[in-house]
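A.B. asks: turn this into a structure:
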Amino acid sequence: MPKINGNEIKPGNILEHDGGLWAAVKVGHVKPGKGGAFAQVEMKNLRDGRKLNERFRSDDKVEKVRLEQKDQQFLYEDDGMLIFMDSETFEQTQIDAELLGERRPFLQDGMIATVEYYEEEALNVSLPQKVTCTVEDTEPVVKGQTAANSYKPAVLDNGVRITVPPFIATGEAIIVNTDTMTYSERA
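C.D. replies: Just a heads-up that it's a prediction; the model follows:
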């Protein structure tokens, strides 16, 4: 595994630190008036979800871990575990549903998601960036309401509440960005 300097850490990097695997969530570079510069890194443990704030000086060496990514098909959920299948080997993998957090409702049956592995252990799931959903309930369209920044609340077919532009009606299919959980465009 490659070693990188403490000032080369970027958000999204996976680091081996204190005997665990950590994802860098936020990185801030600080140059105090006295002493050397350092990177203030907020990290999240990939195995148990703990958070940690750590300072790395530029001469500190950290192990950068490369995760293997495989596209796998979501089959079903069973007792809080998501079951994915490799399309080539038909091997099934179980992943804790809590890994997805608030993005869990966007995972649809048969959807292809990217599962990240460290050796043989599945650590993370990345959903497609854009998912098509149907608007279940929203206020009716008001003619002549064309204000650029006015959004109205809507409930999607998966139960998630987002805001949509005023021209979107109930029953319409829209594309939602799963990273920001916001309306992207009409389907």
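
A.B. asks: please pull out the lowest mean pLDDT helix or strand from this structure.
C.D. replies: Ranking every helix and strand in the chain by mean pLDDT, DSSP states H and E puts strand 121-126 at the bottom, with a mean of 84.

A.B. asks: next SSE downstream of that strand?
C.D. replies: strand 130-138 (DSSP states H and E).

A.B. asks: helices or strands up against that next one?
C.D. replies: Secondary-structure packing of strand 130-138 (3 or more C-beta pairs under 8 Å, 6 or more residues apart in numbering; DSSP states H and E): strand 152-156, strand 173-177. Using the backbone N, CA and C atoms, a C-beta is placed for each residue, glycine as well.

A.B. asks: quick one: the ones you listed as a markdown table, columns for mean pLDDT, mean neighbour count and distance to Glu102 too.
C.D. replies: Below are those laid out as a markdown table (pLDDT from 0 to 100; neighbours: other C-beta atoms under 10 Å; distance: least, C-beta to C-beta, whole Å):
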| stretch | mean pLDDT | mean neighbour count | distance to Glu102 |
| --- | --- | --- | --- |
| strand 152-156 | 93 | 17 | 13 |
| strand 173-177 | 94 | 17 | 12 |
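
A.B. asks: for those strands, which one sits closest to Gln40?
C.D. replies: Using C-beta to C-beta as the measure, strand 173-177 is the one of these that comes nearest Gln40, at 28.4 Å.

A.B. asks: for the closest one, name the packing helices and strands.
C.D. replies: Using 3+ C-beta pairs under 8 Å, 6+ apart, the elements in contact with strand 173-177 are strand 130-138, strand 182-186.

A.B. asks: give me the residues contacting the shortest one.
C.D. replies: With contacts defined as C-beta atoms under 8 Å, 6 or more residues apart in numbering, strand 182-186 is touched by 130, 151, 162-165, 168, 172-177.

A.B. asks: mind giving me the domain split of this structure?
C.D. replies: Annotated domains of the chain cover 3-65, 68-126, 130-186 [automatic domain parsing].

A.B. asks: what about the second one, start to end distance?
C.D. replies: Across its full length, domain 68-126 reaches 13 Å end to end, with C-alpha to C-alpha, to the nearest Å as the criterion.

A.B. asks: give me the distance between that domain and the centre of its chain.
C.D. replies: How far domain 68-126 lies from its chain's middle: 13 Å, per C-alpha atoms, centre = their mean, to the nearest Å.

A.B. asks: what sits against the closest residue to Tyr76 other than its chain neighbours?
C.D. replies: Leaving aside its chain neighbours, Tyr76 sits nearest to Ile83 (5.4 Å; criterion: C-beta to C-beta, 6 or more residues apart in numbering). For Ile83, the contacting residues are 74-77, 92-94, by C-beta under 8 Å, 6+ apart.
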